[in-house]
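>>> Got a predicted structure here, sequence first:
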Amino acid sequence: MFLQTLVTGLSIGGIYALMAVGYSLVFSVLGFSNFAHGAVIMLGAYLGLALAVKLHLGIGLVLVGSIVGSGILAVMNERLAYSVLRRRKAPSLYLMISAMGCSVFLENLVYATIGSRFYAFPEFFSRQVVQFAGSSLSLLDLAAFIVAFLAILALHVFVTRTKTGIAIRAGVCDMTMCSLMGVNVDRLIMVVFLLAGAFAGVAGVFLGVKYLVYPTMGWVTNKAYIAAVIGGLGSLPGALVGGLILGVVETFVSTYVSSVMRDVFSFTLLIALLVWMPNGLFGSDTEEKV
């Protein structure tokens, strides 16, 4: 029972981590919380559902299609809603307000075009289980955790070993200096949103497969935001660790205490950590010098 609960928690935590990475990427470069990220995850889930139901594609091709589609949606979101404000040196608050507006617009667009019904993905894993140490482990849970871990590991390698990744890290430190050194800032930001959208696509598919697809499913990214804050906004390892911690805590609370108390424990953990460690587990102290 303990091992089964742990694996389920790691699965949910892996999905949280995938969503939290999108928040952390955008925050690390532009310094604002992209609240439209949840809507991109929701649209990625609908896109994956369409590929699975209409074209009868397998889970691999569904993931690829959702990754590409969500990445393009995220880039379009930046170009249409944020780029003008960014070029005019608007405060981060304006970008956050624009992100909230995009989230509401996209959600209501789905209501108006697709409707408010709940949809289920085909049973890709046919409820298969793996017997290990006397526990029945869901193949879906194992797949979600492994894919999340490998995706974030690949992103870490990309950020640390490629020229574009090094440019992203330089932009995190000082975007102005990065521009003076010849880096195309617009292209750099496009890559950041493309990556964030790609992770949103993966998260949307696994979220839809594990639960259901519906217009307000993007609100679950509030948990991903908590995970990003726990790990430290702007930190990719922090997004992974924060997501896993939150997923495991919620699952154990739901199993051994009460599912009603799950959110109480989640937000209590967030508040306690912010009081003791305002920058999160992997966040860095920053000072503004005048």
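Good, I have the coordinates.

>>> By residue count, tell me the biggest helix in the chain.
helix 2-30 (DSSP state H).

>>> okay, and for this structure, where does confidence drop off?
Residue ranges of the chain with pLDDT under 70: 125-136, 234, 283-290.

>>> Helices of that one, residue ranges please.
Assigned helices in the chain, in chain order: 2-30, 37-54, 59-77, 83-87, 92-113, 139-161, 163-173, 175-180, 185-210, 221-231, 236-256, 262-276 (criterion: DSSP H).

>>> Ramachandran coordinates for the closest residue to residue 111 other than its chain neighbours?
Of all residues not flanking residue 111 in the chain, residue 215 sits nearest, at 5.3 Å (C-beta to C-beta, 6 or more residues apart in numbering). Placement of C-beta: from N, CA and C, glycine included. Recorded main-chain torsions at residue 215 are phi -60, psi -30, according to degrees, to the nearest 10.

>>> hang on, the earlier thing: buried sites along the longest helix of the chain?
4-30 (16 or more other C-beta atoms under 10 Å).

>>> what's the answer for stretch 160-177, then?
Per 16+ other C-beta under 10 Å, stretch 160-177 contains these buried residues: 165, 167, 168, 170, 171, 172, 175.

>>> where's the residue lying closest to residue 67 once chain neighbours are set aside relative to residue 21, distance?
Computed as C-beta to C-beta, 6+ apart, the closest residue to residue 67 that is not its neighbour in sequence is residue 201, at 4.2 Å. Distance, residue 201 to residue 21, using C-beta to C-beta, to the nearest Å: 12 Å.

>>> Please apply the same query to residue 30.
The spacing between residue 30 and residue 21, counted by C-beta to C-beta, is 15 Å.

>>> same question, residue 277
Look at residue 277 and residue 21: by C-beta to C-beta, they are 20 Å apart.

>>> do residue 62 as well
Distance from residue 62 to residue 21, by C-beta to C-beta: 20 Å.

>>> What of residue 225?
Plainly put, residue 225 is 12 Å away from residue 21 if you go by C-beta to C-beta.

>>> and if you look at residue 101?
Distance check for residue 101 against residue 21: by C-beta to C-beta, it reads 23 Å.

>>> Could you do residue 148 as well?
Where residue 21 is concerned, residue 148 sits at a distance of 9 Å (C-beta to C-beta).

>>> So for the two, which residues contact both of them?
Both residue 148 and residue 21 are contacted by residue 240, under the criterion C-beta atoms under 8 Å, 6 or more residues apart in numbering.

>>> Could you check what's spatially nearest to residue 222, not counting adjacent residues?
Nearest residue to residue 222, sequence neighbours excluded (C-beta to C-beta, 6+ apart): residue 38, at 7.8 Å.

>>> That neighbour and residue 275: what is the separation?
According to C-beta to C-beta, residue 38 stands 26 Å off from residue 275.

>>> ok, the two, which is more surrounded?
It is residue 38, of residue 38 and residue 275, that has more neighbours when counted by other C-beta atoms under 10 Å, with 28 against 8.

>>> hang on, that one packs against residue 223?
No: when contacts are counted by C-beta atoms under 8 Å, residue 38 is not listed as touching residue 223 (10.2 Å).

>>> which residues are common contacts for the two?
Common neighbours of residue 38 and residue 223 (criterion: C-beta under 8 Å, 6+ apart): residue 19.

>>> if I pick the residue nearest to residue 270 when sequence neighbours are not counted, what's in contact with it?
Nearest non-adjacent residue to residue 270, counting by C-beta to C-beta, 6+ apart: residue 226, 5.0 Å away. Contact partners of residue 226, counting by C-beta under 8 Å, 6+ apart, are 242, 246, 266, 267, 269, 270.
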